[in-house]
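K.L.:
A structural model of the following input is requested.
(2 chains, ligands or ions: 3)
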Amino acid sequence: MEFLDLPHIWAVFIAIAVMLYVAFDGYDLGIGMLTAFAFSDQERNMMTATIEPFWDGNETWLVLGGGGLFAAFPLAYAILMPAFYLPILLMLAALIFRGVAFEFRHKAVRKRTQKFWNAAFAYGSLVATLSQGLILGGFIQGFTVEGRAFAGHTFDWFTPFSVLVALSMVAGYLLLGTTWLILKTEGELRDGSIKWAKRSLIGTVLGMALVSFATLSIDPRVTAKWGVSMAAIDFSKAIYMLPIPLACGGLMVWLWKDLFSKKAPDWRPYLLAVGIFLTGYVGLGVSIFPYIVPFEVTIWEAAARDNALMLLFIGAAIMLPIILAYTAYVHSLFWGKVKEGDGYHG
Amino acid sequence: MEFDALLLSRLQFAFVIAFHILFPAFTIGLAAFLAVCEGLWLKTGNETYKRLYLHWVKIFALAFAMGVVSGVVMSYQFGTNWAVFADKTGSVMGPLLGYEVLTAFFLEATFLGVMLFGWKKVGRGLHFFSTCCVAVGTSISAFWILAANSWMQTPQGFAMDDEGKFYATSWMEVIFNPSFPSRYVHMMLAAFITTAAVILAAGAWQTLRRHDQKPTRWQMRMAAGTLLVLMPLQIIAGHWSGEVAHHYQPAKVAAMEGWWETKSAQDTVLFAIPDEETRSSKYELAIPGLGNTVMGLPKDEVIQGLNDFDGDHPPVFIVFWAFRIMVGCGLVLLGLGVWGCFKWIRGTIDKPGLFHWLAVPGGMLGFVAVISGWVVTEVGRQPYTVYGYLRTEDSLSPVSAAEVATSLLIFIVVYAIIFTAGVIYMLRIATSGFDDKETDRPKTERRAPGTPMGSVDDMGEKENSPAGEGDVSNARENVSKHDED
Ligand code: HDD
Ligand code: HEM
Ligand code: HEM
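P.N.:
Ligands and ions are numbered 1, 2, ... in the order given. Take a look at the predicted model:
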């Protein structure tokens, strides 16, 4: 199997898994945060009804991302996890609260406990999003690695840059959440979501712009790839990269228009939001490729043995299409606007 | 004892995995039970099965959610706390866990949505199919994770490169390693037994409170019958595990049995306080010479005792007692099964009595046995993570004691909160009994009419769902009048 560059393929697979995670769990974390602003229990129940049948499947992409990293790039997993010890812990704790709150909210009988689980749901979603942003920010900054291990400090991931990424992440997930609500609800809730979607789009645009410029100044290798630095632009390189920010900008404008248009179909804003994420994601991927632990370890250095990658490749090649097919099928079963009262039993 | 990152990481791993396994042990069994109930209902049209389904699916939803969130934690533990282990074994363990995600987790998680929320949306056949997918998913998941764990116990089919990293030479040998078949059988039976014990306990409680109804009575019979059939099989499976362990991990079995000296015709120790300082056991009560026979070995075969493992043996006290607790729980559960079935035949199983009083706490025994069984297995593997090849102390991440102490503390607090809440909610449902008729069941007072929940209750009666009257959510929602918060 010489002709297959398995580490390369696996890097792409994992990138896709993470992207799908963001597209899917992004909307349900976003809606989770939005429930903090729900006017009434009824509205909150409508909001959660749009995600209840799906959240577990959505989160499984995160498990695939983590598990896939362990399986395909054990060295990267072994360096990244200790480096992000605390933010990962924070994320897990938040996901625990939020995950059980889906069920517990409905089981609590006293007002106080109901309130507690509602808050656990909203703030759990917020903290999980922030931690993912901190992890992403820390990831882009790079690491101190000695030998085969992380050799930096406990709080290396905590910098102004990572905080900026975390905040942009909140805006981005809110955008996914609100556009999902536009797709799945009607009436007042849908109209309210449009308002929120506009605000989060503004946040997302600002966030992405700032993060992109900051990223360009983080490492000379990134700058070199884009041919852009604070001082000068090297057009021979920049021209190849240009389609990415252009596409991103185009999608942002299109979404903005859709949010104001009465005629735009309700499914489009969500897809456009995913598209915006996708362009940002591709831009990031291009910036750090071929590193999997940025600027220290490449995908080939971190890769598992070829026979392990091959076994996984066969499994993924067979299973991923099946998984995508039944995921799509289950989504189609629950297609359409959520109705009053669906909230609980769908 | 020094609380360094190593010890803290071990404690943390033990804590989070022990917490996690409580839920799989229950959901694997319960998913199968639900599939059986729904299947029987579809086949016979008997409403009692449907009521059983609608009742237990509420509890299942809670347990499954807790299983999922604690499981997600597990998939990051290898990296956060055992990074060197992850780096070294990644090329062997990784694909097994990867296959678990690809073949099991997605299946479970996706069809769970249909199972819980599709009762009114999809036809009966498709709904039953979803329940089956979830049930099958849980056992596939157990297959891969146990293959991974068993490989760590009895590694084979691999080689090591010059950096000390493991890689597979034969995947068949890695997956079907020597301790895997017995461990898989033993664990699956453990899950079914644990669930049966819980179902029996819930039925016994309802009988004692005298709000037992037809489904209560059926569930008692189903559970007692399951225990009666599976517990003897479990003893056989456990014995098989013991034989395998004796062959591949003799130090573990010596610790389980409390054998210090190397000799032929070892004893069967019933009670003792093993002490590693004096390297002997106090207050030993033993049946001389029976040990070899129990292990299925000839009497004159010499069995190595703990003293001859050069200190390379697991902590004796923990393994010794965890083993006895597991076996003890098993024997009590067998007793409950026999007694229950006896009362069933005599026709007295529905009369509250001593049996019921014992069956209620008996509901916990499966969990106790599962945890102690894993403690035997895992502590018995010490001081290695990959038995014979990679030591625990060499598996650790470059993290500080302070970090691990923080995370351990957070896990303890978080798990304490969700465990308490989850158990309260599950007990409330489990003890609440079945509503006598779907239509004249007590209304929940807690949701004011007019709120969505209130309207759900009304709709449940007006609408005739494709799957028959009544719906999961009503059943899920409805808390009996008996147990005000
Ligand atoms: C014998 C069975 C068994 C054992 C030993 C384990 N698990 Fe587990 N796990 C399951 C049986 C299971 C399950 C039955 O498939 C669960 C439990 C309840 C559930 O929701 O699925 C699950 C859920 C579950 C999930 C969430 C899946 C989802 O998103 O749906 C993850 C990520 C893990 N587990 C990971 C692990 C890891 C890394 C383990 C070991 C260190 C582990 N589990 C031990
Ligand atoms: C689900 C039931 C399980 C339970 C209750 C359990 C219990 C434990 C306990 C008590 C320890 C600490 C032992 C000690 O340090 O003295 C431990 C360690 C460990 N177990 Fe398990 N275990 C389970 C399953 C698994 C599985 C499925 C795997 C891997 C696939 C696994 C991998 C490990 C590792 C890597 C350690 C840490 C290193 C060590 O201390 O040996 N365990 N487990
Ligand atoms: C009553 C007779 C029983 C015997 C002789 C027995 C024997 C054993 C042995 C020898 C092991 C260790 C295997 C190893 O380390 O490789 C083990 C582990 C275990 N036991 Fe038991 N057991 C019994 C009952 C039970 C019961 C009733 C349950 C639960 C309901 C249970 C649950 C477990 C679990 C979960 C493990 C860890 C997983 C494994 O290694 O298989 N056992 N048992």
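
K.L.:
let me know how buried the residue of the stretch 301-450 of chain B found nearest ligand 3 is, in neighbour terms.
P.N.:
For the stretch 301-450 of chain B and ligand 3, the shortest gap (Cβ to the nearest ligand atom) falls at B:G373, measuring 2.4 Å. For the C-beta atoms, the positions are set from N, CA and C on the backbone; glycine is no exception. Around B:G373 there are 25 other residues, counting by other Cβ atoms under 10 Å in any protein chain shown.

K.L.:
that one against B:M326, yeah?
P.N.:
Yes: the criterion here is Cβ atoms under 8 Å, and B:G373 meets it with B:M326 at 4.6 Å.

K.L.:
test my guess that B:A5 contacts B:A401.
P.N.:
Yes: using Cβ under 8 Å as the test, B:A5 is close enough to B:A401 to be in contact (4.6 Å).

K.L.:
more neighbours: the two, which one.
P.N.:
For B:A5 versus B:A401, the count of surrounding residues by other Cβ under 10 Å is larger for B:A5: 19 against 15.

K.L.:
check contacts around the more buried one.
P.N.:
By Cβ atoms under 8 Å, 6 or more residues apart in numbering or on different chains, the contact list for B:A5 reads B:L396, B:S397, B:V399, B:S400, B:A401, B:E403, B:V404.

K.L.:
now rank those by neighbours and give me the top one.
P.N.:
Highest neighbour count within the contacts of B:A5, by other Cβ under 10 Å: B:S397, with 29 neighbours.

K.L.:
that one reaches B:T80, doesn't it?
P.N.:
Yes: when contacts are counted by Cβ under 8 Å, B:S397 is listed as touching B:T80 (6.4 Å).

K.L.:
thinking again about what came up before, check contacts around the residue of the stretch 301-450 of chain B closest to ligand 3.
P.N.:
Neighbouring residues of B:G373 by Cβ under 8 Å, 6+ apart: B:H186, B:A190, B:A322, B:M326.

K.L.:
per-residue confidence for the residue of chain A found nearest ligand 3?
P.N.:
As assessed by Cβ to the nearest ligand atom, ligand 3 sits closest to A:G67 within chain A, at 21.6 Å. Per-residue confidence at A:G67 stands at 86 (pLDDT).

K.L.:
ok, now A:I323?
P.N.:
90.

K.L.:
wait, is B:S372 part of a helix?
P.N.:
Yes: if the criterion is DSSP: H, G, I helix; E, B strand; the rest coil, then B:S372 is within a helix.

K.L.:
what about it, how many neighbours?
P.N.:
Count around B:S372 with other Cβ under 10 Å applied: 22.

K.L.:
who are the contact partners of it?
P.N.:
Neighbouring residues of B:S372 by Cβ under 8 Å, 6+ apart: B:A322, B:F323, B:I325, B:M326, B:C329.

K.L.:
just the closest of these to ligand 1, please.
P.N.:
Checking these one by one against ligand 1 (Cβ to the nearest ligand atom), the nearest turns out to be B:M326, at 15.4 Å.

K.L.:
gap between that closest one and B:R381?
P.N.:
Per Cβ to Cβ, to the nearest Å, B:M326 is found 16 Å from B:R381.

K.L.:
what does A:K263 give?
P.N.:
A:K263 sits at a distance of 65 Å from B:R381 (criterion: Cβ to Cβ).

K.L.:
go on, A:D234?
P.N.:
58 Å.

K.L.:
try B:I199
P.N.:
The gap separating B:I199 from B:R381 is 33 Å, by Cβ to Cβ.

K.L.:
re earlier: output the contacts of B:S372 as CSV; include the columns secondary structure, pLDDT and neighbour count.
P.N.:
Formatted as CSV, those follow (DSSP: H, G, I helix; E, B strand; the rest coil; pLDDT from 0 to 100; neighbours: other Cβ atoms under 10 Å in any protein chain shown):
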residue, secondary structure, pLDDT, neighbour count
B:A322, helix, 93, 23
B:F323, helix, 93, 24
B:I325, helix, 94, 17
B:M326, helix, 95, 24
B:C329, helix, 95, 24
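
K.L.:
got those as CSV, with distance to ligand 1 columns?
P.N.:
Formatted as CSV, those follow (distance: Cβ to the nearest ligand atom, whole Å):
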residue, distance to ligand 1
B:A322, 16
B:F323, 19
B:I325, 19
B:M326, 15
B:C329, 17
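
K.L.:
and the strands in chain B?
P.N.:
Ranges of strands in chain B, per DSSP state E, are B:158-160, B:166-168, B:263-264, B:268-275, B:280-287, B:302-303, B:384-386, B:390-391.

K.L.:
can you list those strands in a markdown table and add distance to A:T48?
P.N.:
A markdown table is the format used below for these (distance: least, Cβ to Cβ, whole Å):
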| stretch | distance to A:T48 |
| --- | --- |
| strand B:158-160 | 46 |
| strand B:166-168 | 44 |
| strand B:263-264 | 65 |
| strand B:268-275 | 53 |
| strand B:280-287 | 57 |
| strand B:302-303 | 59 |
| strand B:384-386 | 41 |
| strand B:390-391 | 45 |
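
K.L.:
secondary structure element for the residue in the stretch 151-300 of chain A that ligand 1 sits nearest to?
P.N.:
Distance from ligand 1 to each residue of the stretch 151-300 of chain A (Cβ to the nearest ligand atom) is smallest for A:Y173, at 19.2 Å. For A:Y173, the host element (DSSP states H and E) is helix A:160-184.

K.L.:
which other helices and strands contact that helix?
P.N.:
helix A:6-34, helix A:111-141, helix A:187-216, helix A:268-288 (3 or more Cβ pairs under 8 Å, 6 or more residues apart in numbering or on different chains; DSSP states H and E).

K.L.:
out of those helices, which comes closest to chain B?
P.N.:
helix A:111-141 (7.6 Å; Cβ to the nearest Cβ).

K.L.:
so for the helix or strand following the closest one, mean pLDDT?
P.N.:
Next helix or strand after helix A:111-141 toward the C-terminus (DSSP H and E): strand A:145-146. Mean per-residue pLDDT for strand A:145-146: 81.

K.L.:
ok, now stretch B:159-172?
P.N.:
Stretch B:159-172 comes out at a mean pLDDT of 87.
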